[in-house]
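**Q** return a 3D structure for these sequence lines:
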Amino acid sequence: MPYGETTVPGVTARATDKQAALKITNTTAVPGAANVQVTAHNGTQTTYTVQLVFEPLKPISGIKLDASNVTASVYGSVYGVGPGNVIDNNPLTSWVGTEKNQWIKLDLGEIRNVDGLKIAWEQGSTRSNTFDIEVSVIGNNWRKVYGTTSTGTTSGLEPYTFRESPARYIRVKNAGNQPMAITEIEVYGQWLTTDMSLQSIKVNNVEQQGFNAEQLEYTVPVAAGDAVPTIHAVSTAPAERTLILVKPAVAVPGTTELVVTSENAATRTYKVNFVAGN
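**A** Numbers count the residues shown, from 1 in each chain. The predicted structure follows:
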């Protein structure tokens, strides 16, 4: 099971002997064991055990992203445990959220693709903390991307990975019923792709001769009676980080436009002009 999953699954079973009786005892926690006892019609009993365990925490693959500002729902002024302590590279300082739903928020300054956090917990080797990780592009409309409980085995940085999400703001929220003390937070991910260039253009599956990523307009002759050619394009940046919108010509003469949009929403438009040929 994903580490920190709070919903304990139930085990179901079906015996090959239709006359057999089944007794299932589910576990109430993870890690834990569920037992399935099968009693055959002749009284023979067999017990099967299903062990439920957490999968290991996955390593973080992104680069470390700098947070330009840190705020919190509570500043802990009485105890001197302000939010800025989580990015001061000092394991002896911390921020404390004393109640459920109190949070600490990191501002990356710009939108990034975020896919993981490392969090160091005060007294992390003796106490577990239940928390949620939420992200936002504009500072509200928060979206939960991860929820778990820390291992309770280390005071060092513990990694938490999740599906890559665009975000400028990252919030760690206390989801438990005890104080949550954090000494350090590191945010990981990728810079947004700014590349809005094409690597190639194909006309009817044939490479456009003389293609240059900086040349935005091309002229292609079309023989009389031929259909409007189809256009395919490949972006310079990885396909999952670039959107190519093709606006096809409907006749000859006519123009097919290819609008390339990068992750930071910048656009570039290429044009292929179809003209009547011989």
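
**Q** what about residue 172, neighbour count?
**A** Close neighbours of residue 172, defined as other CB atoms under 10 Å, add up to 26. Heads up, the C-betas are built off the backbone N, CA and C, glycines and all.

**Q** quick one: contacts for it?
**A** Neighbouring residues of residue 172 by CB atoms under 8 Å, 6 or more residues apart in numbering: 103-104, 117, 119, 131-134, 182, 185.

**Q** of all the residues in stretch 144-162, which ones are buried?
**A** Neighbour counts over stretch 144-162 (16 or more other CB atoms under 10 Å) mark 145-151, 155, 157-158, 160-162 as buried.

**Q** sorry, back to before: just the contacts of residue 172 now: which is nearest residue 20?
**A** Distance to residue 20, by CB to CB, is smallest for residue 132 among those, at 43.7 Å.

**Q** within the helices and strands, which one has that closest one?
**A** strand 130-136 (DSSP states H and E).

**Q** quick one: distance of that strand to the chain centre.
**A** Strand 130-136 sits 12 Å away from the centroid of its parent chain (CA atoms, centre = their mean, to the nearest Å).

**Q** please apply the same query to stretch 235-252.
**A** Averaged C-alpha coordinates place stretch 235-252 at 25 Å from its chain's average position (CA atoms, centre = their mean).

**Q** between the two ends of that stretch, how far is it?
**A** For stretch 235-252, the first-to-last residue distance is 26 Å (CA to CA, to the nearest Å).

**Q** just the CA atoms of the helix or strand hosting residue 172, as CSV, please.
**A** Per DSSP H and E: residue 172 is located in strand 157-174. Extracted in CSV, the C-alpha atoms of strand 157-174 (Å, rounded to 0.1, in the frame of the first residue of the first chain):
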residue,chain,number,x,y,z
LEU,A,157,14.7,14.9,6.0
GLU,A,158,12.0,12.4,5.0
PRO,A,159,11.0,12.3,1.3
TYR,A,160,7.3,12.4,0.1
THR,A,161,6.7,12.1,-3.6
PHE,A,162,3.5,12.7,-5.6
ARG,A,163,2.2,13.2,-9.1
GLU,A,164,3.9,16.3,-10.7
SER,A,165,1.7,19.3,-10.2
PRO,A,166,2.0,23.0,-11.4
ALA,A,167,2.2,25.2,-8.3
ARG,A,168,3.7,28.4,-7.0
TYR,A,169,2.5,27.8,-3.4
ILE,A,170,2.9,24.6,-1.3
ARG,A,171,1.2,24.1,2.0
VAL,A,172,1.8,21.5,4.7
LYS,A,173,-1.3,21.2,6.9
ASN,A,174,-1.6,19.4,10.2
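
**Q** immediately after that strand, which helix or strand?
**A** Next in sequence after strand 157-174, counting helices and strands by DSSP H and E, comes strand 180-191.

**Q** could I get the buried residue list for that following strand?
**A** For strand 180-191, a neighbour-count test (16+ other CB under 10 Å) marks 180-190 as buried.

**Q** just send the residues you listed back as TSV, with distance to residue 225 and pLDDT too.
**A** Converted to TSV, the buried residues of strand 180-191 look like this (distance: CB to CB, whole Å; pLDDT from 0 to 100):
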residue	distance to residue 225	pLDDT
180	73	90
181	76	92
182	71	95
183	74	94
184	70	96
185	66	97
186	63	96
187	59	96
188	57	95
189	53	93
190	49	87
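
**Q** distance to residue 246 for the residues you listed - can I get that in JSON lines?
**A** Shown next, in JSON lines, are the buried residues of strand 180-191 (distance: CB to CB, whole Å):
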{"residue": "180", "distance to residue 246": "49"}
{"residue": "181", "distance to residue 246": "53"}
{"residue": "182", "distance to residue 246": "47"}
{"residue": "183", "distance to residue 246": "51"}
{"residue": "184", "distance to residue 246": "47"}
{"residue": "185", "distance to residue 246": "42"}
{"residue": "186", "distance to residue 246": "40"}
{"residue": "187", "distance to residue 246": "36"}
{"residue": "188", "distance to residue 246": "34"}
{"residue": "189", "distance to residue 246": "30"}
{"residue": "190", "distance to residue 246": "26"}
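
**Q** all set now, cheers.
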